[in-house]
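>>> give me the fold of what follows.
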Amino acid sequence: MGTEDLKPYGSFSSLAFLTVNKTNRTTPTRLLTEMVSGQVSHELQVEVSASQAWDLYGTLALARFVEQTLTDVIDKIEVEQGDGELGTILKVTFAPGLPGPGWHKEKFTMVDNEKRVKEVQLIEGGYLELGFTFYLIRFEITETGTPSSCIIRTSIDYELKEEAAANASFVSIDLFANIAKIAKNHFLKNKRVTTNVLV
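Numbering: from 1, shown residues only. The predicted model follows:
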């Protein structure tokens with residue numbers, strides 16, 4: 001898998017659903033500032049139970065998985081605070097030579113083990129250096145009605161200053177779409193291994 005296929009800061013993915021709006025936000029000084037907001041998302045069905053997928057996506061295992069499998073995109077992921085629960089802070093450093101900011105810090109602002117939803121918000125670096133005022137990644141694992149299948153849905157919600165609106169083109173779901181695909185292959189491989197052992 002080449003680096004150009006996994007750019008963290010690249011063009012919109014053809015797999016993504018995209019909406020962009022303009023909203024008026026009131027600043028603390030009561031001055032109206034026009035902002036640009038939008039969302040991109042990706043869904044992938046995988047042949048494992050929702051609980052199995054959540055064991056990866058709902059914990060720090062996802063950070064370790066990404067660091068180990070996407071070495072041409074991710075240089076390292078450091079845990080600066082927490083153990084994967086609410087309030088956990090990670091510093092993600094991208095591989096040298098990729099376009100865009102070289103690192104960012106993200107905070108787990110929601111980890112709902114019952115609904116299988118995790119929200120991660122950028123708090124420093126990354127898109128925040130490009131005029132973005134809000135950047136949130138949401139992971140959702142939903143059941144499909146069968147015990148051995150689920151859907152991995154990843155979405156990015158963002159907001160940026162109108163004067164930096166052109167930078168909205170840097171928002172991409174590609175990296176997370178590829179993470180889901182690699183995770184799907186990982187699940188299938190482990191499923192085959194388990195089946196062979198049982199046989």
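>>> what about the longest strand in the protein?
Longest strand in the chain by number of residues (criterion: DSSP state E): strand 32-46.
>>> next secondary structure element downstream of it?
Proceeding N to C from strand 32-46, the next assigned helix or strand is helix 50-57, under DSSP states H and E.
>>> and that next one, how far out from the chain middle?
Put simply, helix 50-57 sits 15 Å off its chain's centre (C-alpha atoms, centre = their mean, to the nearest Å).
>>> and the contacts of stretch 120-132?
9, 89, 92, 100-101, 103-109, 134-139, 158-161, 163-164, 167, 170-171 (C-beta atoms under 8 Å, 6 or more residues apart in numbering). Any C-beta I mention is one placed from the backbone N, CA and C, and that applies to glycine too.
>>> do you know the pLDDT at Leu15?
pLDDT, Leu15: 36.
>>> how about the one 3 residues further on?
Looking at Leu18, its pLDDT is 45.
>>> narrow the contacts of stretch 120-132 to those in strands?
Judged by DSSP E, the contacts of stretch 120-132 include 89, 92, 103-109, 134-139, 158-161 as members of strands.
>>> give me the buried subset of the residues you listed.
The neighbour-count test (16 or more other C-beta atoms under 10 Å) applied to these identifies 89, 92, 104-108, 135-139, 158-161 as buried.
>>> can you name every helix or strand that the helix ranked longest in the chain contacts?
Identified as the longest helix of the chain according to DSSP state H is helix 174-198. Helix 174-198 sits against strand 32-46, helix 50-57, helix 61-69, strand 150-161, with contacts defined as 3 or more C-beta pairs under 8 Å, 6 or more residues apart in numbering; DSSP states H and E.
>>> now the ones you listed as a markdown table including mean pLDDT?
Listed next are the helices and strands packed on helix 174-198 as a markdown table, based on pLDDT from 0 to 100:
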| stretch | mean pLDDT |
| --- | --- |
| strand 32-46 | 90 |
| helix 50-57 | 97 |
| helix 61-69 | 97 |
| strand 150-161 | 97 |
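>>> any chance of the ones you listed in JSON lines with distance to Gln121 as columns?
As requested, these are exported to JSON lines (distance: least, C-beta to C-beta, whole Å):
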{"stretch": "strand 32-46", "distance to Gln121": "14"}
{"stretch": "helix 50-57", "distance to Gln121": "16"}
{"stretch": "helix 61-69", "distance to Gln121": "15"}
{"stretch": "strand 150-161", "distance to Gln121": "9"}
